[in-house]
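[1] Using only what follows, build the 3D model:
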Amino acid sequence: MIVINKYFEDKKKKAKKEKQMETAKNVAVGTAVGTAIGAVTGILFAPKSGKETREDIANKTKEVTEDIKETVTDQMEAAKELQQKVKTEIKQVYTNIKDKKDDLEEIVEEAIEDTMEEIAEEVTESEDDASL
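    Next up is the predicted model:
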């Protein structure tokens, strides 16, 4: 039961972490979009020539693109790390369950052997008592 409870607890933790990752991703995307909108608005309302404004827009677009790429890369790495951690934890839980199963099998086998020996001793004693 303890192993099963731990499994469900780990599963809840995993779901919570995934939700946090999704929230972080949404915040990053929102920040990038907000930055882009703010930059474009600032550029369009700045008192500059058309050529300077176009250059500023191109530069800001490159910056925002790089920021988005970096954010996506960071999120991908975090997702891969989480995936690896979950795989490791699942393997550990599986190993623990298998070990417990093996321990239980051994205990049951010993109990059966002990019971068989006791029955054999009682049968022998009964036969000895009957022959007297």
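
[2] Can you tell me the element residue 47 falls in?
    Using DSSP states H and E, residue 47 falls within no helix or strand.

[3] Give me the neighbour count for it.
    Residue 47: 6 surrounding residues under other Cβ atoms under 10 Å. C-beta coordinates here come from the backbone N, C-alpha and C atoms, glycine included.

[4] Give me the pLDDT for it.
    pLDDT for residue 47: 75.

[5] Now it. Its backbone dihedrals?
    phi -80, psi 80 (degrees, to the nearest 10).

[6] Against residue 39, how distant is it?
    Distance of residue 47 to residue 39, given as Cβ to Cβ, to the nearest Å: 16 Å.

[7] Spatially nearest residue to residue 6 (excluding sequence neighbours)?
    In space, residue 6 comes closest to residue 93 once its chain neighbours are excluded; the distance is 7.0 Å by Cβ to Cβ, 6 or more residues apart in numbering.

[8] these two touch, right, that neighbour and residue 7?
    Yes: in this structure residue 93 lies within contact range of residue 7 using Cβ atoms under 8 Å: 5.3 Å.

[9] I'd like to know how many residues surround residue 124.
    Neighbour count of residue 124, defined by other Cβ under 10 Å: 10.

[10] What of residue 30?
    The number of residues packed near residue 30 is 10, by other Cβ under 10 Å.

[11] contacting residues around it?
    Shown in contact with residue 30 (Cβ atoms under 8 Å, 6 or more residues apart in numbering): no residues.

[12] Next one: it relative to residue 111, how far apart?
    Computed with Cβ to Cβ, the distance linking residue 30 and residue 111 is 62 Å.

[13] Repeat that for residue 35.
    From residue 35 across to residue 111, the span is 69 Å (Cβ to Cβ).

[14] Those two: which is more packed in?
    Set residue 35 next to residue 111 and count neighbours by other Cβ under 10 Å: residue 35 wins out with 15 against 10.

[15] Report the separation between the more buried one and residue 28.
    11 Å.
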